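>>> quick one, what's the 3D model for this:
(one chain, ligands or ions: 2)
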Amino acid sequence: MKTIGVLTSGGDAPGMNAAVRAVVRTAIANGMTVKGIMRGYNGLIDGDIVDLTARSVSDTINRGGTMLYTARSPRFKEEEGIMEGVEACKREGIEGVVVIGGDGSFRGARDLSLHGIPCVGVPGTIDNDIACTDYTIGFDTAMNTAMDMVDKIRDTAQSHDRCSVVEVMGRHAGHLALQCGIAVGATAILVPEVEFSLDEIIEKIRITQKTGKQHFIIVVAEGVGGVEEMAKLIEGATGIETRATTLGHVQRGGNPTVRDRVRATQLGYAAVKLLQNGKGNRVVAIKNNTVVDYDIYEALNMEKSLDMSMYEIANVTSI
Ligand code: ADP
Ligand code: F6P
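Ligands and ions are numbered 1, 2, ... in the order given. Alright, predicted model coming up:
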């Protein structure tokens, strides 16, 4: 393989730049040339493709966001869009593509592979919701950002003897909420994977208040939502002043942590090595602290559940 393409797709995640950098430099070190496909699959369809050198990725390892920009591309879900992408690859001499994104992006990579362009997926999303891997690029930074933000909210909740209901990202998955909730010592953590009863949470606030707890943090995943309403109900039932905060996209930005930069570098390197060895239609992943790879179909059919033992630990240690 002489020329490969690289793109970032779906929601941006801190560490994507480090992955792009690793892809570019590993490819160049192995005698290949690299093309950057801008704005995810949209750039492939529109032919928005640039040459990348080792210097193109200088000063990016420390930066959040993605220098290749990103997009959600409904056009690429249609056969016509995929065929335009295949044509663009042929025109540009792109023989393989590294796709950095979530499992939606991997579905696009699977389709491109099916049409004769070998692809390797690199897991990048703050949600950590990709089944084949223990870890996704951006998760560590997002967890730390969310924790820092809730720590700040705690200062004001503590000063006013208040309850704070905080929404963190994760439309379909509660991994971020669970880890963040444990790290901030939340009284309760609400995630889409586990049914909850607001009455039970109100009861827990009452019980812990009797034992001397004076302020309360409730962490709620985006997929559960309803934090404003929840705050009103908690205040009405307990008499404790309650405020709702939605952290939002602050969790997607910022300089990546050490862990995200290092994992992104390992995964980007591994993705290029697969293409170099003629292996496409694969996804690189981290399992038990080791870089592994899977067939894309196999990876997309795996299921990831919430770590219920951590959920139990959170409940026990938040009394
Ligand atoms: P993520 O990669 O973060 O899960 P999305 O689910 O939004 O984000 O997917 C990103 C992009 O991947 C989509 O906008 C689309 O271009 C492509 N994609 C998603 N699902 C499919 C699919 N079933 N077939 C082809 N391409 C897809
Ligand atoms: O997948 C990452 C993520 O931040 C989710 O946690 C969230 O539900 C979604 O993206 C938000 O996407 P948007 O960029 O459209 O606001």
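
>>> in this structure, which spans are strands?
Assigned by DSSP state E, the chain shows strands spanning 3-8, 33-37, 49-52, 96-101, 119-123, 163-168, 188-190, 216-221, 242-246, 282-287, 290-295.

>>> so the closest residue to Thr246 other than its chain neighbours bridges to which residues?
Spatial nearest neighbour of Thr246, chain neighbours left out: Glu167 (4.3 Å); criterion: C-beta to C-beta, 6 or more residues apart in numbering. Yep, even glycine has a C-beta here, placed from its N, CA and C like the rest. Glu167 has these beta-bridge partners by DSSP bridges: Val220, Thr246.

>>> residue contacts, Glu167?
220-222, 225, 227, 244-247 (C-beta atoms under 8 Å, 6 or more residues apart in numbering).

>>> contacts for stretch 146-155 next, please.
164, 166, 168-169, 176, 180, 183-184, 186, 215, 217, 219, 245, 247, 250-251.

>>> at 6 Å what do you get?
164, 166, 168, 180, 183-184, 245, 247, 251 (C-beta atoms under 6 Å, 6 or more residues apart in numbering).

>>> would TSV of the residues you listed with neighbour count be doable?
As requested, the contacts of stretch 146-155 are arranged in TSV below (neighbours: other C-beta atoms under 10 Å):
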residue	neighbour count
Ser164	26
Val166	25
Val168	31
Cys180	29
Ala183	17
Val184	22
Thr245	19
Leu247	20
Gln251	24
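
>>> so which of the residues you listed comes closest to ligand 2?
Gln251 (7.0 Å; C-beta to the nearest ligand atom).

>>> distance check, the closest one against Thr70.
Gln251 is 16 Å from Thr70, where distance means C-beta to C-beta, to the nearest Å.

>>> Glu95 now?
Taken as C-beta to C-beta, the span from Glu95 to Thr70 is 23 Å.

>>> looking at these two, which is more packed in?
Thr70 (25 against 18; other C-beta atoms under 10 Å).

>>> could you chop the protein up by domain?
Structural domains annotated on the chain: 3-138+256-301, 141-252, as defined by automatic domain parsing.

>>> looking at those, which one is packed in the most?
domain 3-138+256-301 (a mean of 21; mean count of other C-beta atoms under 10 Å).

>>> what's the spacing between that one and its chain's center?
14 Å (C-alpha atoms, centre = their mean, to the nearest Å).
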